[in-house]
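Peer 1: With the input below, show me the fold.
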Amino acid sequence: MKIGDLVEFSYGTILKSLSITKDVEAIGVYAGTTEDGLHKVLYAGITHELQEHFVKPISMQRMAAVSAALDN
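Peer 2: All right, here's what the predicted structure looks like:
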């Protein structure tokens, strides 16, 4: 993965005061790695540090029909 790539990631949060567990699955921007080997993902203005198995790169390819020339 390169910095700036779109990634799909997931993580869980625990709100101890309300005893709520919440799983978050979202798309963010890859922002590199930390010195500890964690992957940094930028999402909603916050940088999340996640282990490798929680981050998956998104592969986007243009369909052939989109690139085809159109006759007017």
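
Peer 1: Neighbours of Tyr30, how many?
Peer 2: Applying other CB atoms under 10 Å, we find 20 residues neighbouring Tyr30. C-beta: built from backbone N, CA, C; applies to glycine.

Peer 1: Let me know the helix or strand that it is in.
Peer 2: Tyr30 is located in strand 20-33, with elements delineated by DSSP states H and E.

Peer 1: do Met60 as well
Peer 2: Here Met60 is covered by no helix or strand, with elements defined by DSSP H and E.

Peer 1: Would you mark the buried spots in the helix or strand following the strand holding Tyr30?
Peer 2: Tracing the chain C-terminally past strand 20-33 and defining elements by DSSP H and E, one meets strand 39-43 next. Going by neighbour count (16 or more other CB atoms under 10 Å), the buried part of strand 39-43 is His39, Lys40, Val41, Leu42, Tyr43.

Peer 1: and if you look at stretch 49-57?
Peer 2: Leu50, Phe54, Val55.

Peer 1: List the beta-bridge partners for the first one.
Peer 2: It stands for Leu50. His39 (DSSP bridges).

Peer 1: Likewise for the last one?
Peer 2: Applying DSSP bridges to Val55 yields these beta-bridge partners: Phe9.

Peer 1: and it, what is it in contact with?
Peer 2: Contact analysis of Val55 by CB atoms under 8 Å, 6 or more residues apart in numbering lists Met1, Val7, Glu8, Phe9, Tyr30, His39, Val41.
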